[in-house]
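> Mind folding the following:
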Amino acid sequence: MKSSAITFLALLASTVFATAQKAPANLPPDTEFAGDVAYVSAAHERQKLDIAYFKKDKPRPLLVWIHGGAFMTGDKAENHAIWADLMKAGYAVATINYRLSGDAKWPAQITDCKAAIRFLRAHARDYNLAPGRIAVWGSSAGGHLAALVGTSSSAKKLDVGEHIEHSSAVSCSVDMFGPIDFEKMPQFTSPTSPEAKMWGRASSEALDLAREACPITYLTQDTAPILILHGDADGVINISQSQLFDAAMKKAGTRGDFITLPRVGHSHVAVWTKERERIMTFFKCHLIKDALPGTSARTL
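Residues are numbered from 1 along each chain as shown. This is a model prediction of the structure:
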């Protein structure tokens, strides 16, 4: 097993339950950590983010992680374990919490994610960030939200609140086994599914919300590149969800790739361990080699 994977697994247990105020271990020199930063005024306890950034040198591209948890649970600290790895590769890193289904109904989950992106772009100078080079990634419910952030930059109704003069567009997104098309999920008519708890009723009775939340709805040939990763042994979100997404991307002419992981289940740890190099290459291609395709950083 690669040393980076060993480090990830070793640190996971110690960081996943850590308070957000505690900086992740082994961050590079000349970096700063800020925990539980409110990204909206009068923030709900969930509307906070953690960020680590470089105090000196040139502005850095930013990777923003969105946690999973069926829209019902989860915490931004789950990604802290690999921050040292990511920062040594030259990235500033952030993780965000968003209001869960027990806190607020849809579209609060996506409007929070977009608010966090706008906040980070508005404060790019404070955190020494390159505002035209922001990527978002996540797993499971976080994979869905990352995919939706990536596809819905033109959906102005999902950009609400503060820093509205700044864009929530990203340079690329990585979707690890996220649900995509809620109409095609087996719990479509269930009033107790995670999605039903988010809509406030079964997906079959909330088609307008299910379609608004579907990343496929917004795909075009101008959508920023998307990397999809899904294990064929995933017993929580069937790989058919990512297959539908991939097919829709091809039809729309959206740039990206779909990676099937043999014998891998519903685990972002397993995906990162097996596909670290591919994910890092994707980020390098779209954040370091190129700025946001077709978009000047000045417009963001």
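> going forward, measure contacts between C-alpha atoms and count neighbours the same way
Noted.
> Tell me where the stretch 51-200 of the chain is predicted with low confidence.
The stretch 51-200 of the chain contains no residues with pLDDT under 70.
> how about the helices in the stretch 101-250 of the chain?
For the stretch 101-250 of the chain, the helices defined by DSSP state H, counting those that start in this stretch cover 108-122, 141-151, 194-199, 207-212, 240-252.
> So which of those helices has the densest surroundings on average?
Each of these was scored by mean neighbour count; the highest is helix 141-151, a mean of 28, by mean count of other CA atoms under 10 Å.
> Report all helices and strands that it contacts.
strand 60-66, helix 108-122, strand 129-139, strand 172-176 (3 or more CA pairs under 8 Å, 6 or more residues apart in numbering; DSSP states H and E).
> and the shortest one with strand 129-139, angle?
Using axes from the mean of the first three to the mean of the last three CA atoms, to 10 degrees, the inter-axis angle of strand 172-176 relative to strand 129-139 is 20 degrees.
> now the second one
Counting by the same axes, to 10 degrees, helix 108-122 points 160 degrees away from the direction of strand 129-139.
> Residues contacting helix 108-122, please?
39-40, 47, 49, 66, 71, 96, 98-101, 129, 131, 145, 148-149, 158-164, 166-169, 300 (CA atoms under 8 Å, 6 or more residues apart in numbering).
> same thing with stretch 133-146?
60-71, 109-110, 113, 147, 149-150, 170-180, 215, 237, 266, 268, 283, 286-288, 291-292, 297.
> In three-state terms, label Glu32 for me.
strand (DSSP: H, G, I helix; E, B strand; the rest coil).
> OK, contacts around it?
For Glu32, the contacting residues are 52-55, by CA under 8 Å, 6+ apart.
> Check what pLDDT the residue nearest to Ala52 when sequence neighbours are not counted gets.
With CA to CA, 6 or more residues apart in numbering as the measure, Phe33 is the residue that lies nearest to Ala52, at 4.3 Å, once sequence neighbours are left out. Note on Phe33: pLDDT of 97.
> what do you get for Lys22?
As predicted, Lys22 sits at a pLDDT of 81.
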